[in-house]
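1. what shape does this take:
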Amino acid sequence: MKILVTGASGFVGGRFVADYRDQYDIKTVSLLKTPISEISLDGVDAIIHCAALVHQMRGAPREEYFKANYELTIALAQKAKAFGIKHFIFLSTAHVYGIYGDIDHPEIILGPKTSCVPLDPYGESKLAAEKDLLAIQTTDFTISILRPPLVYGEGAKGNLLSLAKLIHKIPVLPFRYDKNRRSIIYVGNLTYFIHLVIQQRAAGIFLPQDQRPLSIEGMVRLLAQSMNCKILVFRPPQFLLFFLKKALPHYASRLYGSLALDSTEGNLKLDYHPPFSTEEGLRRMSAL
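-> A predicted model of the protein is given here:
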């Protein structure tokens, strides 16, 4: 099969190319350098659209998110459909749900049919693209939408890497807390999930993740184990949780909040069994 991958210079797109270049005839394109009108689709069987303007810590104008994540996505999909491409795979995000980490209702599990109320232009632009992609889907033009949670692995940046660095520096931390659940996915598991979607030309919304969501305590212990660090965790006092929730809600939700996905339906549909355990994924991330 000939696969066109956008965003191949990014974390997920680049890893897919590295993992599957021997199984597919992979062609890459940069939407920053090549106008969609000039992209050749000759012989292409499927498109994996990873290119995006991701969540910016310092923010970015709303119109930039919509241009990159909505307008370019729909323009590429419309061209693909007109050209007769059979399969379009869109890498969306769990940000479309609008929940960064619910600290009051950890029992909430997010599924493919859960209502989405994005909280920022990044999530809004991805959700807008999802809706219009599904609107142009036909029996001859399959749309697959993937909403991964936090993706980690070799070369990743972000919250898990920051947490790993904290564990490495401070051996005593207030993370003996198992009431929350967060879904994560190792990048090698995500690329394998994409591979299954291609092989089965599976339509729908999918929520790829590792074997199971983890509590902050479970995550910290696995990270410490992966780095061979000795760590002591203690239960956070209620006043600390209350203070964080009121004064630093962003940090409270990231550390003690829940963002758990229910991927049962998609896993059964694809017969997905993660080839890498979370322990192995964290070890690989921490080894670099």
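2. wait, what's in contact with Phe175?
-> Applying Cβ atoms under 8 Å, 6 or more residues apart in numbering, we find Phe175 in contact with Ile216, Glu217, Val220, Val233, Pro236, Leu255. (Each C-beta comes from the backbone N, C-alpha and C, glycine too.)
3. what's the pLDDT at the third one?
-> Here the pLDDT value assigned to Val220 is 94.
4. repeat that for the first one.
-> With respect to pLDDT, Ile216 scores 93.
5. for His168, see how far away Asn228 is.
-> 10 Å (Cβ to Cβ, to the nearest Å).
6. neighbour count winner among the two?
-> His168 (14 against 8; other Cβ atoms under 10 Å).
7. check which helix or strand the more buried one maps to.
-> Element membership of His168 [criterion: DSSP states H and E] is helix 159-169.
8. measure Arg212 to Ser286 for me?
-> Distance, Arg212 to Ser286, using Cβ to Cβ: 20 Å.
9. over to Tyr186: give its phi and psi.
-> phi -70, psi 140 (degrees, to the nearest 10).
10. ok, and what's touching the lowest-mean-pLDDT helix or strand in the chain?
-> None of the helices or strands of the chain scores lower by mean pLDDT, DSSP states H and E than helix 249-256, at a mean of 85. Contacts to helix 249-256, defined as Cβ under 8 Å, 6+ apart, come from residues 100-103, 159, 175, 177, 179-180, 216, 236, 241, 244-245.
11. go again with 10 Å.
-> The contact list for helix 249-256 (Cβ atoms under 10 Å, 6 or more residues apart in numbering) reads 99-104, 106, 150, 159, 162-163, 173-175, 177, 179-180, 182, 215-216, 219-220, 236, 240-246, 248, 257, 259.
12. quick one: buried ones out of those residues?
-> 99-103, 106, 150, 163, 173-175, 177, 180, 182, 215-216, 219-220, 236, 241, 244-245, 257, 259 (16 or more other Cβ atoms under 10 Å).
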